[in-house]
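Trainee: Fold the following.
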Amino acid sequence: DPAATHPRRILGNFRTLLSGERYPGYLLCVSFGYGALFSFISGSSFVLVGLYGLSPQWYGASFGFVVTGYIVGTLLTARYTLQLGPARMVRMGVLFGVVPGTLMAALALAGVHSPWAILLPMFAFMVATGLVMPNAIGGALAPYPKMVGSASALMGFVQMSLSAGVGIAVGHAYAGTAIPMAGAIALCGWMVLASYFLLVRRSVPA
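Mentor: As a prediction, the model looks like this:
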């Protein structure tokens, strides 16, 4: 399509996507899920190294531990999506993900001074993210086979912009406690849940 990259066509595609039934909800699910990850990326060095005293080597290992949670989630997605369906996998992920995020924030507010109070909840949150993100991206793009490039580009832009904003806020809010990072992760988890139940569930059959 020679006119595919014309600004008017691109903006028209974006308008169509954002006025759709499924796309906005899935877009927000992916973006806030990524925002939680960026909260950890931005704040974990301050908390785990500066506050809890982990060495750089153990910090690297702890980061690998958290990423392993995402790998576990994506492997579960590959194993069960064809059996359960993408919509159900997203629902399971958002319901599961809000628990460890909230737990991390509660532990931080209670003053629990341990790396495991961050790492174990974050591992579980990343398992949930591995259930949500691949299925949400697929659910967002599938109804638009003729504008999948625009749908993917818009999702990437919103996802990275929101995540960068959250990450910057977490970095500036650090004040010697884990509360800003843990609170941002918990908030993002609840926003994923709200985006699913307020926008996605209304348009996708159970």
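
Trainee: Just give me the residue right at the centre of this structure.
Mentor: Gly33 (1.1 Å; C-alpha atoms, centre = their mean).

Trainee: element containing that residue?
Mentor: helix 23-44 (DSSP states H and E).

Trainee: Can you name every helix or strand that that helix contacts?
Mentor: helix 7-18, helix 56-84, helix 86-109, helix 116-141, helix 148-173, helix 179-195 (3 or more C-beta pairs under 8 Å, 6 or more residues apart in numbering; DSSP states H and E). In short, each C-beta sits where N, CA and C put it, glycine included.

Trainee: Using PDB, write out every CA atom in it.
Mentor: The C-alpha trace of helix 23-44 is given here as PDB (Å, rounded to 0.1, in the frame of the first residue of the first chain):
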ATOM      1  CA  TYR A  23      -7.500  -2.500  21.600                       C
ATOM      2  CA  PRO A  24      -7.500   0.200  24.200                       C
ATOM      3  CA  GLY A  25      -7.900  -2.200  27.100                       C
ATOM      4  CA  TYR A  26      -5.100  -4.500  25.900                       C
ATOM      5  CA  LEU A  27      -2.900  -1.500  25.200                       C
ATOM      6  CA  LEU A  28      -3.200  -0.400  28.800                       C
ATOM      7  CA  CYS A  29      -2.700  -3.900  30.200                       C
ATOM      8  CA  VAL A  30       0.600  -4.200  28.300                       C
ATOM      9  CA  SER A  31       1.700  -0.700  29.100                       C
ATOM     10  CA  PHE A  32       1.100  -0.800  32.800                       C
ATOM     11  CA  GLY A  33       2.600  -4.300  33.000                       C
ATOM     12  CA  TYR A  34       5.700  -2.900  31.300                       C
ATOM     13  CA  GLY A  35       5.500   0.100  33.700                       C
ATOM     14  CA  ALA A  36       5.900  -2.300  36.600                       C
ATOM     15  CA  LEU A  37       9.000  -3.800  35.100                       C
ATOM     16  CA  PHE A  38      10.500  -0.400  34.500                       C
ATOM     17  CA  SER A  39       9.700   0.500  38.100                       C
ATOM     18  CA  PHE A  40      11.900  -2.400  39.200                       C
ATOM     19  CA  ILE A  41      14.600  -1.600  36.600                       C
ATOM     20  CA  SER A  42      14.700   2.100  37.800                       C
ATOM     21  CA  GLY A  43      14.500   1.500  41.600                       C
ATOM     22  CA  SER A  44      16.000  -1.900  42.300                       C
END
